[in-house]
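*Asks:* Got a predicted structure plus its sequence, pasted below:
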Protein chains: 4
Amino acid sequence: MAIWRVLWAVCAGLSVSSQAHAQTQTPADAAPAEDIVIGSRVLADFGVLDGFGHVSARDPKNPNRFLMSRSLAPALVTADDIMEFDLDGNAVDPRGRSVFLERFIHSEIYKARPDVMSVVHTHSPGVIPFGVSQVPLRAMFHNAAFLAAGSPVWDIRKDFGETDMLVSDPSRGKSLAQTLGDKPVVLMRGHGDVTVGPSVKMAVFRAYYTDVNARLQSQALALGGDLNYLTPGEGAKADAINFAVIDRIWGLWKMRVAATLGKSAAPGK
Amino acid sequence: MAIWRVLWAVCAGLSVSSQAHAQTQTPADAAPAEDIVIGSRVLADFGVLDGFGHVSARDPKNPNRFLMSRSLAPALVTADDIMEFDLDGNAVDPRGRSVFLERFIHSEIYKARPDVMSVVHTHSPGVIPFGVSQVPLRAMFHNAAFLAAGSPVWDIRKDFGETDMLVSDPSRGKSLAQTLGDKPVVLMRGHGDVTVGPSVKMAVFRAYYTDVNARLQSQALALGGDLNYLTPGEGAKADAINFAVIDRIWGLWKMRVAATLGKSAAPGK
Amino acid sequence: MAIWRVLWAVCAGLSVSSQAHAQTQTPADAAPAEDIVIGSRVLADFGVLDGFGHVSARDPKNPNRFLMSRSLAPALVTADDIMEFDLDGNAVDPRGRSVFLERFIHSEIYKARPDVMSVVHTHSPGVIPFGVSQVPLRAMFHNAAFLAAGSPVWDIRKDFGETDMLVSDPSRGKSLAQTLGDKPVVLMRGHGDVTVGPSVKMAVFRAYYTDVNARLQSQALALGGDLNYLTPGEGAKADAINFAVIDRIWGLWKMRVAATLGKSAAPGK
Amino acid sequence: MAIWRVLWAVCAGLSVSSQAHAQTQTPADAAPAEDIVIGSRVLADFGVLDGFGHVSARDPKNPNRFLMSRSLAPALVTADDIMEFDLDGNAVDPRGRSVFLERFIHSEIYKARPDVMSVVHTHSPGVIPFGVSQVPLRAMFHNAAFLAAGSPVWDIRKDFGETDMLVSDPSRGKSLAQTLGDKPVVLMRGHGDVTVGPSVKMAVFRAYYTDVNARLQSQALALGGDLNYLTPGEGAKADAINFAVIDRIWGLWKMRVAATLGKSAAPGK
C-alpha cells in the first residue's frame, strides 16, 4: 500500500506549502479551521455525523499539534470553537473549555502516521453494521476507491475487555492506530469508524463515501449472488482521480453549509 | 439489572434537586414542560413520532402526578398544552380539554417504577418490525447501549385476546408495565414501543436511539452471518457515558426545533 | 367483511350531513375540494405520490358525480383545479381542461361501491414491490389495521393481455373494482395501488399507512422467521379507532401543507 | 428493439422542429440549455446525482455538436455554464473553462446513435448495486417501462483491464456506446449508469425512474419468491404513454428547482 503513503506525502506537502502563504492568524491556521467547520457541518447535514463525532486537522505550522473543536455537536462548530492539542491529547491553551473524551483517536493517529493531515471520527449509520458483522466492507464504486485497499475492523474488546467502548485514553488510541495501519479507514466495532487523509477535504470526502459505499454494498448483498467489487489495482488508480476532482464536490458542500453558518452560535456558550 | 435503578435514582435525584430551584410556576413545572415540548417536536422531526405518540414527565414536585400534553399531534405541542394527571390517569384540572386514550401507558409505569421520571410512547418505524418478529432487538452500538439490558416484547393478545391494540385502561397499562419490568424499553407487538428514563432528555434519547439501533440491526442482519452485539457488561458501562454527554445532543436538538416553535398554535384550539 | 360497509355507511352518512350545512358553492362542494387539495399535497410531500396519481371525492350533493383535479401533478392541485365528473368518467363542464386518462379507476369504483366517498390512486414506492411479488401485504400495526381485511392484487394482464398498464377505459376500471370487492385497498401489479374510504381523510390516511405498512413489512420479512401480523379481529377493532382519531393527524397534515398553498399556481395554466 | 428507434426518431424530429422556431441565441440554443439546467438540478435535488455526473443535449441546430456544462457540480449549473462540443469531445470555444473528463460518454453515444438527443450520466445510488451484481435490472412498473427493453452492464475491465474506471477517452466511450446498443439505458460496473432519450426531458425522466426502479426491485427481491416484471410488450406500450405525459412531471420538477435558480453562481467562477 506504499502508493497511499507516496500520494499523501505529495499532497500533504503541497497542501502545507500552499496554505503556508495564507497563515497570519494564531493559534489556529485559518484554512484548516474553516475546512473543519465545513466538514463538520456537511457531514452532520448528510447524517454521517449526528450529535457526536469530530473532524480534526494537523497544524500545518507544527506537525506535533492538531486542531479540533471544543466538545460540541458537529453541526454547531464555528472557527471560534477550534482548539489546539499536542500529540498526547493535551489542550495547549484550554481556557476552561470542555474537550472531547475521544481526542486520543486523533492524537495517536497523528503520532503513528506522519502522512496524515486530517482525521474524521463518525458513528456513520451505513458503516456500523459492517463493524458488527463478519462481512468486510469493500469498494463498490470509484468514489469509494480508497476502500479497495482494505477496511480493517478494530474491536476494543480484544485488547481491553469489557469497556465503555470509548477511545478515552492514549493506550486505546494507540491500539486503534495500529489496526488502522497504513489504510485510509478503520471500522470500530459497536461504535463507528475513522477516516484519514492528506487534507481535511479528503478525510471528509472519505467519511462521506465510506457511508455511501456501505449502504450500496448492503443493497448489493441483499440482491444475492457474487459481486464485482473494485480490484486493488482499480482502487489505487481511481482514488488518484478523487484527489484531482475533490474541489468540485467541496465547492458544492461549502455552498450547502454556507446557509447554516449564520446559525453558528452554540447553546450555553 | 439493579445498576439501572441505582444510576437512575442518582440522576433522577440530581435532576429533581437542580430543577427545584427554578420552580415558580403552577401547576406544571417549567423545565419538564419545556423538555416535553422539545422532545415531542424533535422526535416528530426525526420521524420517530408521526401524528401519534406522546412524551410525559413525572411532576418533580409531586411523585404521584405526571405531566403530558392534551390530545394533540406531537409536532404541535406547546407548553400551554401540558396537563397534569394522577397515577390513575385522571386529569387533575381537565377544563374540557381532550386527553390521550393511552395515558395509562404512562400512569401505570409511574406507579410501578419509582425511579422513572419520564415515559415516551412511539410508533417508531424502525422498531415495529421487531415487535412483530421473533428476532430480539439487541445493542448495535454504544449510543444504544441501554438495549444490552434486554428489550422485552409485550403482546396485548396474551392477556386480553383480540383487542383494538390500545392501552386504553389501567389493566392494560399494568400488564405492559409488568413486561417492561426494570428495563429501559419495552416493544409493543403491532403497535410501537415505550422508553423510560430518569429525565425527559434520557427517555427521548432512548426513543431516538432505539429507532436508530433497530434500523442498524436490520441492515446488519441482512448482511448475513454472526453479529458482535454489545455485551451486557459493555452496555452498562457505555450507557453511563450517555448520561454524561446527553446535553451535547440535547443542545443540538433544542436548536433544531427552535425554528418550529413559532408555528406552535394547534389547529382548532 | 360486512363490518367495513356498516362502519363506512355510518361515517359517510355523518360526513355528508355535517358537510351539507356548509354547501354554498357550485359546482364543487368546498369541503371535499379542500380535502382533495390537502390530501394530494400531503401525499406528494410524503413521497407516496410523485408527479402522478390522484385523489377524488364523491359529490356530497349528488352520489352520481365525483370531484377530481384536472390533469396536474398532485403537489400543484388547488381548489380551482377541481372538476366534476359523472360515473361514466365524463367531465360535466370540461371548458377545455385536460383530464386524467385514469379517471375510470374512480368512476367505476364509485359505481360499484355506494359506501365509498373517496378514492386515492398512487404509485406508492413502498407498495409496488408487493404488487409484483407473490407475498401478500398484511397488517403490521394498528394504524394500518384496515389491511387485516386483505389486500387483493389486480393484474391487468389477466383480463386484458399485454397493455400499456393504464386504467384508461371503463372496462378496465370495472375489472379493477371487481378485484377490490368490499376491501379498503387493492394493489395493481406493475403500477401502484388504490385506497378507498368513507371520506377523503380516511382514503388519504389509508394511502399513507398502506405505504408505511409495506415498508415495515419488507423490513420485518428481511429479519427472517415468522411474523405476528394483526388478526382480522384485531384489525376490525383497531380500524374503528383510526376513524375516531383521524382529525388529530389530519390537523397536522393540514398545517404541513399550508405553507405550500401559496405556491399553488400551476405552470402553463 | 426497432420500436424505440422509430418512436425516438419521431419525437426527436418533433422536438427539433418545434424548438427551431425559438432559436435566436448563439452559440447554445436556449431551450436545451434551460432543460439541461433543470435536469441537472432536479436530479441533484433527488439525490440521483451528487457532486458528480452530467446532462447533455445534442445541438438542435447542428447534429454534430452537443451542449454540456463546464466542469461543475450539477446542482450549481446555470445556462451561462453550458459549452458546445464536437463529436470528438473537443470544446468548440473553450475560453479557458475546465471541461468534464468523461465528456466522451456523450460524444461517442451521439456519434453511434443519431436518434439520441440527450445523454445523462449519473452515479445513481439505487443503480450501482445492479452494476456490481449479476442480477439484471428489470422493469417493476410502468414509469420505468423503458427498462423492459433490457439494461446491459458495461464492465470497463473487459476491454481495458485495470483502469481508473473513467470514460476519459474516445475508445472507452465507443466501447460503452457499443454495450448500450439500441437500448435507453446502460449500467456501468463500479461506477453508475447512462440514460439516453429523444429529448432532455426524457433522458432525465429515465435517469430518475431507473434509480426509483432499482430501489423498488431491490425491495421486491428481498421479499423472496418470483416477481412479475413488465413484459417487453407491456414495456413498449407503457413507455409510449410516458412520452405523452412527460410535461406533467416536468412542470412539477421545473417548479421544484425554480427556487434554487437564484443560488446559481458557482464558487470560484
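*Replies:* Arrived safely. Numbers count the residues shown, from 1 in each chain, chains lettered A, B, ... in the order given.
*Asks:* Need the phi and psi values for the residue nearest to A:G53 when sequence neighbours are not counted.
*Replies:* Among residues not flanking A:G53 along the chain, A:T122 sits closest, at 4.4 Å (C-beta to C-beta, 6 or more residues apart in numbering or on different chains). C-beta here means a position set from N, CA and C on the backbone, and glycine is covered the same way. Main-chain torsions, A:T122, degrees, to the nearest 10: phi -130, psi 160.
*Asks:* Give the bridge partners for A:T122, please.
*Replies:* Here A:T122 sits in beta bridges with A:D193, going by DSSP bridges.
*Asks:* okay but it is in contact with A:A207, surely?
*Replies:* Yes: the criterion here is C-beta atoms under 8 Å, and A:T122 meets it with A:A207 at 5.5 Å.
*Asks:* what about the residue of the stretch 101-250 of chain A found nearest chain D, helix or strand, and which?
*Replies:* Chain D sits closest to A:I249 of the stretch 101-250 of chain A, with a gap of 3.1 Å, by C-beta to the nearest C-beta. Taking DSSP states H and E as the definition, one finds A:I249 inside helix A:232-258.
*Asks:* one step back: find me the pLDDT at the residue nearest to A:G53, would you?
*Replies:* You'll see A:T122 listed with a pLDDT of 98.
*Asks:* same thing with A:Q25?
*Replies:* Reported pLDDT for A:Q25: 35.
*Asks:* Could I get the phi/psi values of A:D182?
*Replies:* phi -100, psi 20.
*Asks:* brain fart, A:S218
*Replies:* Per-residue torsions, A:S218: phi -60, psi -50 (degrees, to the nearest 10).
*Asks:* List the contacts of it.
*Replies:* A:126, A:129, B:219, B:222-223 (C-beta atoms under 8 Å, 6 or more residues apart in numbering or on different chains).
*Asks:* that older thread, tally up the residues packed near the residue nearest to A:G53, please.
*Replies:* By other C-beta atoms under 10 Å in any protein chain shown, 30 other residues sit near A:T122.
*Asks:* In chain A, what residue lies closest to chain B?
*Replies:* Proximity to chain B, evaluated over chain A using C-beta to the nearest C-beta, is greatest for A:G51 at 3.1 Å.
*Asks:* Confirm that A:I105 sits in a helix.
*Replies:* Yes: per DSSP: H, G, I helix; E, B strand; the rest coil, A:I105 lies within a helix segment.
*Asks:* my guess is A:A177 meets A:R113, correct?
*Replies:* Yes: using C-beta under 8 Å, A:A177 is in contact with A:R113, at 7.1 Å.
*Asks:* what are the phi and psi angles of the residue sitting furthest away from the middle of chain A?
*Replies:* Farthest-out residue of chain A from its mean C-alpha position, per C-alpha atoms, centre = their mean: A:G225, at 32.3 Å. With angles defined as degrees, to the nearest 10, A:G225 sits at phi 90, psi 180.
*Asks:* can you give me the strands in the stretch 151-269 of chain A?
*Replies:* With DSSP state E, counting those that start in this stretch, the ranges of strands along the stretch 151-269 of chain A come out as A:153-154, A:185-188, A:192-197.
*Asks:* most tightly surrounded among the ones you listed?
*Replies:* strand A:192-197 (a mean of 29; mean count of other C-beta atoms under 10 Å in any protein chain shown).
*Asks:* Using PDB, write out every CA atom in that one.
*Replies:* Taking C-alpha atoms only, strand A:192-197 is exported to PDB below (Å, rounded to 0.1, in the frame of the first residue of the first chain):
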ATOM      1  CA  GLY A 192     -18.400   3.800  14.200                       C
ATOM      2  CA  ASP A 193     -15.300   4.500  12.000                       C
ATOM      3  CA  VAL A 194     -12.300   6.700  11.400                       C
ATOM      4  CA  THR A 195     -11.100   8.000   8.100                       C
ATOM      5  CA  VAL A 196      -7.800   9.800   7.500                       C
ATOM      6  CA  GLY A 197      -6.400  11.700   4.600                       C
END
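*Asks:* what's the angle between that strand and helix A:232-258?
*Replies:* 100 degrees (axes from the mean of the first three to the mean of the last three C-alpha atoms, to 10 degrees).
*Asks:* burial measure for A:N90, as a count.
*Replies:* That count, for A:N90 with other C-beta under 10 Å as the rule, works out to 12.
*Asks:* check contacts around it.
*Replies:* A:N90 touches nothing, counting by C-beta under 8 Å, 6+ apart.
*Asks:* Torsion angles phi and psi at it?
*Replies:* Per degrees, to the nearest 10, the backbone of A:N90 is at phi -90, psi 140.
*Asks:* How is the residue lying closest to the residue of the stretch 101-250 of chain A closest to chain D once chain neighbours are set aside assigned, secondary-structure-wise?
*Replies:* In this structure, A:I249 finds its nearest non-sequential neighbour in D:G51, 3.1 Å apart by C-beta to C-beta, 6+ apart. Classification of D:G51 using three-state DSSP returns coil.
*Asks:* Next, count neighbours for D:G51.
*Replies:* Residue crowding around D:G51 was assessed by other C-beta under 10 Å; the count is 24.
*Asks:* Could you do the one 5 residues further on as well?
*Replies:* A count of nearby residues for D:S56, using other C-beta under 10 Å, gives 31.
*Asks:* now the one 4 residues further on
*Replies:* Residue neighbour count, defined by other C-beta under 10 Å, stands at 23 for D:P60.
*Asks:* All set now, cheers.
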